[in-house]
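Participant: Got a predicted structure plus its sequence, pasted below:
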Amino acid sequence: MATLMAPNQGMLQEGAREEKGENARMASFVGAVAMADLVKSTLGPKGMDKILQSMGRGHEVTVTNDGATILKSVYVDNPAAKVLQDISKVQDDEVGDGTTSVVVLAGELLREAEQLVGQKVHPMTIIAGFREAEAVAKAELAVTPAL
């Protein structure tokens, strides 16, 4: 005899919750923007250091203003924040620099997208606008003479 299970029963760990639709989208925005804000304050001549304490044995303490180190050290369970962490890693692997800048730029784009979603602009319209801006930026960079 087959047993019928409720949808998602047994798929989530105990204590976990499931977010759908608008709540999930807004939670992703909040996590990603928080990740960008975390490293934004390390930029520039007045950039601040962060104190990182490991959760493992010994509770090792690190003081740094290196965005890549901070992003590698932070545990992330928010999907959008995880994407920012991943683009930082790719930037570091491919270029070796600019990890904080790429996260801050992406975070600011997400911050603007969050405001547009709050104004009931459809996400596909926002994406189309980002793609159009990308094309304009690429065209401008192609015609700008090197310094």
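Facilitator: That came through, no problem.
Participant: thinking in terms of the whole chain, how far from its middle is the helix-or-strand element of the chain with minimal mean pLDDT?
Facilitator: Ranked by mean pLDDT, DSSP states H and E, the weakest helix or strand in the chain is helix 21-40, scoring a mean of 83. Distance, stretch centre to chain centre, for helix 21-40: 7 Å (CA atoms, centre = their mean, to the nearest Å).
Participant: Pull the residues that contact it.
Facilitator: 19, 50, 67, 70-71, 74, 76, 78-81, 83-85, 100, 103-104, 106-108, 110-111, 113-114, 117, 123 (CB atoms under 8 Å, 6 or more residues apart in numbering). Where you see a C-beta, it was placed from the backbone N, CA and C, and this is true even at glycine.
Participant: I'd like the next helix or strand past it.
Facilitator: Later in the chain than helix 21-40, the nearest helix or strand by DSSP states H and E is strand 50-53.
Participant: Helices along the chain, start to end?
Facilitator: Ranges of helices within the chain are 21-40, 67-73, 79-94, 99-118, 123-143, based on DSSP state H.
Participant: from the chain's centre, how far out does the third one sit?
Facilitator: This points to helix 79-94. On the basis of CA atoms, centre = their mean, helix 79-94 is displaced by 8 Å from the centre of the chain it belongs to.
Participant: And the contacts of it?
Facilitator: Helix 79-94 is contacted from outside by 28-29, 31-32, 34-36, 67-68, 71-72, 74, 76, 97-100, 102-103, 106-107, 110, using CB under 8 Å, 6+ apart.
Participant: ok so, going back, what comes up buried for the least confident helix or strand of the chain?
Facilitator: By 16 or more other CB atoms under 10 Å, the buried positions in helix 21-40 come out as 25, 28-29, 31-33, 35-36, 38-40.
Participant: relative orientation of that helix and helix 123-143 in degrees?
Facilitator: Per axes from the mean of the first three to the mean of the last three CA atoms, to 10 degrees, the angle that helix 21-40 makes with helix 123-143 is 40 degrees.
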